[in-house]
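S.K.: Sequence and predicted structure below; questions after.
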Amino acid sequence: MHDQFYTDTVIEHFKYPRNIGRMSDADGEGMYGDPGCGDFLTIYIKVANKVIQDISFLIFGCAAAIATSSMITELAKGKTIEAAMKITEDDVVKALGGLPEDKKHCSNLGVKALRSAIEDCNYRKVRDNME
């Protein structure tokens, strides 16, 4: 990793990722991978009253993938499902203070995995109400 290409915030989230780990009692689980670079992310969410109360992730990827995954959990935690669905790749990049051009694609991992986790949570609630 070449520090001069990454902001201090990116380096901080890479070295000390927030909300990392598996969540065994998650209300929703979303996965997304980038076959081009081999990154793979799983996001877990715990939801109450349509608000993301807890969120965690597991990642296989580069420094930028780890940092963007950590940041998406920080951006989504405490937000309503509706607000979390509106988080964009640009929001993640801006919150990190920028990313090198060739690493900006990493920000889509978190956004897509988060949306997948929310969709899974919604599916589980509908399914559980049908049983």
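M.R.: On my side now, so go ahead. Residues are numbered from 1 along each chain as shown.
S.K.: Would you agree Ile45 falls within a strand?
M.R.: Yes - using DSSP: H, G, I helix; E, B strand; the rest coil, the assignment for Ile45 is a strand.
S.K.: does Ala48 have beta-bridge partners, and which?
M.R.: Listed beta-bridge partners, Ala48: Val51 (assigned using DSSP bridges).
S.K.: Return the distance of it relative to Gly97.
M.R.: 32 Å (C-beta to C-beta, to the nearest Å). The way it works is simple: take the backbone N, C-alpha and C, and place the C-beta from them, glycine included.
S.K.: same question, Lys125
M.R.: 36 Å.
S.K.: Also Lys103?
M.R.: For Lys103 relative to Gly97 (C-beta to C-beta), the value is 13 Å.
S.K.: In terms of neighbours, single out the busier of the two.
M.R.: Lys103 (21 against 11; other C-beta atoms under 10 Å).
S.K.: Quick check: Ala64 touching Glu101?
M.R.: No - counting by C-beta atoms under 8 Å, Ala64 sits too far from Glu101 to count as a contact (11.1 Å).
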